[in-house]
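> from the sequence below, what's the structure:
(one chain, ligands or ions: 1)
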Amino acid sequence: LPLWERLEQRIVDGDANGMEEDLHEALADKPALDIVNDHLLAGMKVVGDLFGSGEMQLPFVLKSAEVMKGAVAVLEPHMEKNEDDEGKGRILLATVKGDVHDIGKNLVDIILSNNGYDVVNIGIKQPVNTILESAEAERADVIGMSGLLVKSTVIMKENLEEMNSRGISEQYPVLLGGAALTRSYVEQDLAEVFDGEVRYAKDAFEGLSLMDSMMA
Ligand code: B1M
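Below is the predicted model:
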């Protein structure tokens, strides 16, 4: 297979053998982030579709996810860093309770960190209490929550309601992302429930531009 197809296929097959060499070859032609967006994420999409249609079993999805993470780790040092921008603000980032998906969240971490934000990434399956306590302890400016399961969209709503009842909604603008969310669910349904500002990012780049506007 040609290089670009091979990269995608390695993700689909969960095949780490030769991935690093392929990535270095790819870096000669394209910026690291384009390799992630144009090729690796395409592979993850195929994995999701195959799993959704019952053509791929979970252990293979896990292998693909591991190869994806390894690839991002190889590319990360090659990603463009905006050294002039520093200390633009601090975001507390978590995947919500009951949800283990973190590839997207970790990409958001990389993009924001490379563009002048302090990111406190507390990991997966985080209950609301931990999220809110960490936000306070870390003096976060913004709370970012990720979740890919449909049930995570409900958890996010509950978390916003918890912020309302603690009276801290106006203290922390909230950024939400993850494949099960839709813009209208966040910007209409959740915005109606939440006493503060809640925004939807369809990808890590929109997350960055929303951070820029929230911190302006
Ligand atoms: Co899971 N899984 N999975 N899975 N998995 C999905 C989400 C699913 C859609 C697959 C499918 O059925 N087609 C489905 C959810 C269905 C639903 O809820 N209706 C599903 C399921 C069912 C499950 C299990 C329940 C399976 C089972 O056990 N039977 C289980 C759940 C476990 C749990 O969470 N409790 C499970 C487990 C797993 C693995 C562990 C095997 C693995 C995750 C490994 C890991 O993350 N460490 C996995 C994977 C890899 C996927 C798919 C295939 C790929 C997800 C991914 O990494 N995409 C996924 C299919 C899909 O999403 N269509 C699927 C790439 C990533 C870059 O995209 O995270 O969307 P994403 O991030 C994007 C944007 O959403 C955005 O930016 C990123 C791009 O720039 N973004 C943010 C994300 N978070 C953001 C936060 C922001 C801003 C932007 O600000 C705070």
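> where along this protein do the helices fall?
3-13, 19-27, 32-35, 41-52, 58-75, 103-114, 128-137, 150-166, 183-184, 191-193, 204-215 (DSSP state H).
> residue numbers of the chain in contact with the ligand?
41, 44, 47-48, 51-52, 58, 61-62, 65, 93, 98-105, 107-108, 144-146, 148-150, 175-180, 201, 203-204, 207 (CB under 6 Å from any ligand atom). Using the backbone N, CA and C atoms, a C-beta is placed for each residue, glycine as well.
> any idea which strand is longest in this protein?
For the chain, the strand with the greatest residue count under DSSP state E is strand 89-95.
> quick one: it to helix 150-166, angle?
Interaxial angle, strand 89-95 versus helix 150-166 (axes from the mean of the first three to the mean of the last three CA atoms, to 10 degrees): 130 degrees.
> strand 89-95 pairs with which strands?
strand 117-121 (parallel), strand 142-146 (parallel) (DSSP bridges).
> sorry, back to before: which of the helices of the chain sits closest to Asn121?
Counting by CB to CB, Asn121 lies closest to helix 103-114 out of the helices of the chain; the figure is 4.8 Å.
> counting contacts, what elements does that closest one pack onto?
Helix 103-114 sits against helix 58-75, strand 89-95, strand 117-121, strand 142-146, strand 174-177, helix 204-215, with contacts defined as 3 or more CB pairs under 8 Å, 6 or more residues apart in numbering; DSSP states H and E.
> name every strand pairing with the fifth one and say which way it goes.
For strand 174-177, the pairing partners within the sheet under DSSP bridges are strand 142-146 (parallel), strand 198-200 (parallel).
> wait, Lys157 sits on Glu192?
No. With contact defined as CB atoms under 8 Å, Lys157 and Glu192 do not form a contacting pair (10.4 Å).
> more neighbours: which of these two?
More crowded of Lys157 and Glu192, by other CB atoms under 10 Å: Lys157, with 18 against 8.
> distance of that one relative to Leu175?
15 Å (CB to CB, to the nearest Å).
> do Ser152 as well
Counting by CB to CB - Ser152 and Leu175 are separated by 15 Å.
> got a list of what Ala32 touches?
Leu75, Glu76, His78, Met79, Glu80 (CB atoms under 8 Å, 6 or more residues apart in numbering).
> now which of the residues you listed would you call buried?
Buried members of those, counted by 16 or more other CB atoms under 10 Å: Leu75, Glu76, Met79.
> in TSV, list those residues along with pLDDT.
Listed next are the buried ones among the contacts of Ala32 as TSV, based on pLDDT from 0 to 100:
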residue	pLDDT
Leu75	97
Glu76	95
Met79	94
